[in-house]
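Novice: Sharing a model that was predicted from the sequence below.
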Amino acid sequence: MTINIIFAPVPNTKAVVTENEDGSYSIVMSKSLSREQAQKEIIHELGHIVSDDFSKDVQANLIEEMIRRSGIIPDINGIEFFCQVV
């Protein structure tokens, strides 16, 4: 699995994840986050990937609540991370 982490000026959110056409994922992170906040948000977004939230037919706010309550800590073995700053 390949995950692109992109730090960019993102208004009104800390992070967002998208599934790409090639099967990889992109996590867009706010450049304004501290290192600790960024790590926390990356783990949160990885939870969405591991839970395959992209195929769920549920409202986004319900998915967010389920991820936050689950305490999922994804296994990062076998994941290639690529980082970019915009």
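Specialist: Received, thanks. Numbers count the residues shown, from 1 in each chain.
Novice: What residues does the residue nearest in space to the middle of the chain make contact with?
Specialist: Compute the mean C-alpha point of the chain, and by Cα atoms, centre = their mean the closest residue is residue 45, 2.4 Å away. Contacts were defined as Cβ atoms under 8 Å, 6 or more residues apart in numbering; by that measure residue 45 touches 15-17, 27. Heads up, the C-betas are built off the backbone N, CA and C, glycines and all.
Novice: let's see 10 Å
Specialist: Residue 45 makes contact with 3, 5, 14-18, 25-29, 53, 67, 74, according to Cβ atoms under 10 Å, 6 or more residues apart in numbering.
Novice: which of these are buried?
Specialist: 3, 5, 14-15, 17, 25-29, 53, 67, 74 (16 or more other Cβ atoms under 10 Å).
Novice: Any idea which of those residues the model trusts least?
Specialist: Looking at these by pLDDT, the weakest one is residue 67, with 63.
Novice: returning to that earlier point: tell me which helix or strand the closest residue to the residue nearest to the centre of the chain other than its chain neighbours sits in.
Specialist: Computed as Cβ to Cβ, 6 or more residues apart in numbering, the closest residue to residue 45 that is not its neighbour in sequence is residue 17, at 4.2 Å. With the criterion set as DSSP states H and E, the secondary-structure element containing residue 17 is strand 15-19.
Novice: How far does that strand sit from its chain's centre?
Specialist: Centroid separation between strand 15-19 and its chain, computed with Cα atoms, centre = their mean, to the nearest Å, is 5 Å.
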